[in-house]
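A.B. asks: Attaching a predicted model along with its sequence, questions to come.
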Amino acid sequence: QHGTAIIVAAAIVNGLKIAGKKLEDAKIVTSGAGAAALACLKLLVSMGARRENIWVTDIEGVVYEGRETLMDRWKAEYAQKTDKRSLIEIIDGADIFLGLSAGGILTPDHLKKMADKPLIMALANPEPEIMPDLAKETRPDAMICTGRSDFPNQVNNVLCFPFIFRGALDVGATTINEEMKQATVEAIASLAQEPPSDVAAQAYGGETGVFGPEFLIPNPFDPRLILRIAPAVARAAMESGVAARPIEDFDAYNERLNRFVFRSGLIMKPMFSAAQAELKRVVYADGEDERALRAAQVVLEERLAQPILIGRPSVVEARIERFGLSIKPGRDFELINPEDDPRYRDYVDTFLEKTCRGGITPDAARTIVRTNSTVIAAVALARGDGDAMLCGLEGRFSRHLLTIRDVIGTAPGVHDFSAMSLLINSKGAYFLADTFVSPDPSAEELAEMTQLCALQMRRFGIEPKVALLSHSNFGSSNTPSALKMRDALTILRHEAPDLEVEGEMHGDTALSEALRMRIFPHSRLKGSANLLVMPTLDAANIAYELIKTMTDALPVGPILVGGAKPAHILTPSVTARGIVNMTAVAAVEAQQISQG
């Protein structure tokens with residue numbers, strides 16, 4: 001009953017907010033006076049509801065002063081001095097109906113007597129006190145909650161359990177008191193008012209509600225609930241004096257909780273911290289995409305970068321409103337309008353300068369800069385209007401790479417781009433290369449790629465342990481592929497003597513030190529490899545897709561290495577959280593380039 005009370009109270013807080021009413025002024029009428037109903041009323045009173053505004057009915061009718069049938073001391077606290085004896089008599093002007101009784105108790109005649117914008121809590125199961133469609137037909141202004149999952153605003157205990165216990169256990173609370181319950185109410189009510197997140201959308205197949213009459217409380221399995229409720233409960237326990245083990249560092253505590261929701265949290269922490277130290281401008285080529293808009297909201301909330309979105313203002317603004325986001329072009333982020341930007345002529349000139357020897361005519365350049373958002377992003381980056389760019393939410397990887405090659409180019413001394421992908425699973429974090437760019441890299445290209453990937457790994461705060469993979473195990477075969485990997489190792493020993501690298505070897509040998517030491521006791525690689533360099537694009541991409549699917553691994557990337565400036569090509573399957581992660585990667589790369 002305490003869980004029900006918490007969810008009911010959160011719905012009432014938000015329902016009254018929408019109706020423009022105050023809890024202390026609200027008239028509350030209940031149907032049912034069992035443990036759940038009385039727990040709800042007790043919590044509401046502790047939050048400011050007035051007993052004189054609470055009217056209780058049960059199977060015997062109104063709970064009034066002097067009634068003797070089916071009375072107890074808990075009901076008696078809500079007994080009214082009145083001669084009214086039925087629900088129809090007391091519901092006149094009621095702001096809230098709280099039903100924890102039986103199906104069909106509430107009728108259209110009852111609803112017609114209630115105040116403007118009434119809140120109907122019809123929580124009987126399986127049949128509520130009134131069906132939502134009938135309630136809406138009678139009172140279109142009503143807000144309705146039920147206990148059923150097939151209607152909006154489901155009052156479900158899983159909204160607070162087990163998260164309230166998580167917070168209580170983490171501080172060693174000796175009891176769960178009213179302050180902790182009220183903190184849970186506030187956390188749930190506040191979460192419902194937040195813009196929908198990508199993690200909530202993923203949990204519900206892309207469907208998320210926007211705060212309003214049909215979304216008073218979060219969805220029961222919103223993954224963010226633990227992030228809001230547990231810290232709120234822990235703080236309340238500490239402030240009310242029932243915490244045996246107070247939390248000293250709530251930032252660290254929140255980071256631990258984040259790992260339950262975002263498996264990338266631990267790996268991305270150094271990158272996020274570095275990105276927050278100096279905000280860089282990151283251009284999103286696909287600024288009209290829902291995932292990019294959701295990512296921009298998170299990036300702004302977490303202060304990871306300054307997003308610059310490419311998109312038509314009318315489309316971007318309409319989608320921000322549709323998805324219930326709180327960001328605004330011009331106020332929160334810069335918007336490059338491909339149809340009307342004052343820098344258009346300058347962008348065309350820059351694009352022509354970069355591509356005129358590749359068969360691009362002035363007329364073609366003018367059309368491309370109007371219509372190709374990846375080109376616009378690359379030109380913005382090349383001109384210094386942004387510090388990094390992300391593209392690839394639509395279209396083929398190769399086409400985006402061609403644009404980046406032409407407009408951005410490679411860093412000094414680098415022969416070509418490579419792509420590294422990060423996979424995070426239950427056993428750890430593994431970087432694979434080259435998963436997207438080089439079909440059959442030479443030994444020299446493999447050595448260059450390995451060093452670039454190792455540099456990128458250090459930005460994650462991870463020391464690279466490199467395995468050069470092959471079907472050959474330390475000289476067991478002399479095929480061209482095996483010889484190539486062997487030659488790459490020789491080059492790396494010369495060019496990067498401090499890099500912990502070994503090869504050529506099998507995949508299992510790379511991951512198992514015990515197996516490796518049996519086969520090759522002189523290996524310079526200690527422990528499990530975390531950078532797996534493959535001989536071909538086929539091998540790397542196949543391994544990446546298989547590991548990702550078979551181990552339910554979380555992907556980050558692909559991370560393009562070797563560019564003159566940070567430019568990354570995502571994949572059409574990327575999530576909003578994936579874009580957030582890559583925004584941090586790009587921002588930190590931009591910081592290091594600017595620092596020389």
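C.D. replies: Ah, there it is.
A.B. asks: Show me what counts as buried in whichever helix or strand Val585 is part of.
C.D. replies: Element membership of Val585 [criterion: DSSP states H and E] is helix 576-594. Using 16 or more other Cβ atoms under 10 Å as the test for burial, helix 576-594 gives 576-591, 593. Placement of C-beta: from N, CA and C, glycine included.
A.B. asks: Quick one: the helices in the stretch 451-596 of the chain, in order.
C.D. replies: 480-495, 507-511, 513-519, 537-550, 576-594 (DSSP state H, counting those that start in this stretch).
A.B. asks: Please spell out which residues along the first one are buried.
C.D. replies: Of the residues in helix 480-495, those buried by neighbour count under the rule 16+ other Cβ under 10 Å are 481-489, 491-492.
A.B. asks: Then the fourth one?
C.D. replies: Buried residues in helix 537-550, counting neighbours by 16+ other Cβ under 10 Å, are found at 537, 539-541, 543-544, 547-548.
A.B. asks: Dump these into TSV; add distance to Pro270 and pLDDT as well.
C.D. replies: As requested, these are exported to TSV (distance: Cβ to Cβ, whole Å; pLDDT from 0 to 100):
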residue	distance to Pro270	pLDDT
Leu537	29	96
Ala539	29	96
Ala540	25	96
Asn541	27	95
Ala543	26	95
Tyr544	23	95
Ile547	23	92
Lys548	23	90
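A.B. asks: Which of the residues you listed sits closest to Phe215?
C.D. replies: In terms of Cβ to Cβ, no member of the buried residues of helix 537-550 lies closer to Phe215 than Lys548, at 33.3 Å.
A.B. asks: surely the closest one meets Val556?
C.D. replies: No. Lys548 lies out of contact with Val556 (Cβ atoms under 8 Å); the separation is 10.9 Å.
A.B. asks: okay, and the common contacts of the two?
C.D. replies: Leu423 (Cβ atoms under 8 Å, 6 or more residues apart in numbering).
A.B. asks: Let me see the contact set for Gln591.
C.D. replies: Shown in contact with Gln591 (Cβ under 8 Å, 6+ apart): 274-275, 277-278, 280.
A.B. asks: Rank the helices and strands of the protein by mean pLDDT and give me the bottom one.
C.D. replies: The weakest-scoring helix or strand in the chain, judged by mean pLDDT, DSSP states H and E, is helix 198-203 (a mean of 52).
A.B. asks: For the helix or strand just after that one, give me every contacting residue.
C.D. replies: For helix 198-203, the following helix or strand on the C-terminal side (DSSP H and E) is helix 225-239. With Cβ under 8 Å, 6+ apart as the test, helix 225-239 has contacts from 159-160, 163-164, 166-168, 170-171, 173, 177, 179-180, 182-184, 186-188, 190-191, 218, 243, 246-247, 250, 253-254, 257-258, 260-261.
A.B. asks: Repeat that for stretch 386-394.
C.D. replies: With Cβ under 8 Å, 6+ apart as the criterion, stretch 386-394 contacts 280-286, 289, 291-292, 305, 308, 373-374, 377-378, 380-381, 400, 565-572, 574, 579, 582-583, 586-587, 589-590, 594.
A.B. asks: from these, which would you call buried?
C.D. replies: 280-286, 289, 291-292, 305, 308, 373-374, 377-378, 380-381, 400, 565-570, 574, 579, 582-583, 586-587, 589-590.
A.B. asks: Chain neighbours aside, what residue packs nearest to Asp170?
C.D. replies: Ala234 (5.6 Å; Cβ to Cβ, 6 or more residues apart in numbering).
A.B. asks: Any figure for the gap between that neighbour and Ile217?
C.D. replies: 21 Å (Cβ to Cβ, to the nearest Å).
A.B. asks: same thing with Met449?
C.D. replies: 50 Å.
A.B. asks: all strands of the stretch 51-200 of the chain, in order?
C.D. replies: Taking DSSP state E, counting those that start in this stretch, the strands of the stretch 51-200 of the chain run over residues 54-58, 61-62, 96-99, 119-122, 143-146.
A.B. asks: what mean pLDDT does the shortest one have?
C.D. replies: Averaged over strand 61-62, pLDDT sits at 92.
A.B. asks: same thing with the longest one?
C.D. replies: Confidence for strand 54-58, expressed as mean pLDDT, is 94.
A.B. asks: from the middle of its chain, how far away would that strand be?
C.D. replies: Averaging C-alpha positions (Cα atoms, centre = their mean, to the nearest Å) puts strand 54-58 42 Å from its chain's average.
A.B. asks: Repeat that for the shortest one.
C.D. replies: Its chain's average C-alpha position is 48 Å from that of strand 61-62, according to Cα atoms, centre = their mean.
A.B. asks: Who are the packing partners of that strand?
C.D. replies: helix 87-90 (3 or more Cβ pairs under 8 Å, 6 or more residues apart in numbering; DSSP states H and E).
A.B. asks: quick one: buried residues of stretch 363-383?
C.D. replies: For stretch 363-383, by 16+ other Cβ under 10 Å, it's 365-366, 368-370, 372-382.
A.B. asks: do the same with stretch 423-430
C.D. replies: Buried residues in stretch 423-430 (16+ other Cβ under 10 Å): 423-424, 429-430.
A.B. asks: can you check stretch 148-166 too?
C.D. replies: 148, 151-156, 159-161, 163-164, 166.
A.B. asks: Nearest to Gln456, out of these: which one, please.
C.D. replies: Once Cβ to Cβ is applied, the member of the buried residues of stretch 148-166 that ends up nearest Gln456 is Arg166, at 35.1 Å.
A.B. asks: give the contact list for the closest one.
C.D. replies: 226, 229-230, 233, 257.
A.B. asks: quick one: low-confidence ranges for the stretch 201-350 of the chain?
C.D. replies: Scanning the stretch 201-350 of the chain for pLDDT under 70 picks out the ranges 201-208, 221, 259-266.
A.B. asks: need the helices for it, in chain order.
C.D. replies: 225-239, 250-261, 265-277, 290-301, 313-322, 344-355.
A.B. asks: Between these, which one is closest to Ile6.
C.D. replies: helix 225-239 (9.4 Å).
A.B. asks: Farthest pair within the buried residues of stretch 148-166?
C.D. replies: Top of the distance list for the buried residues of stretch 148-166 (Cβ to Cβ): Phe151 and Arg166, 28.3 Å.
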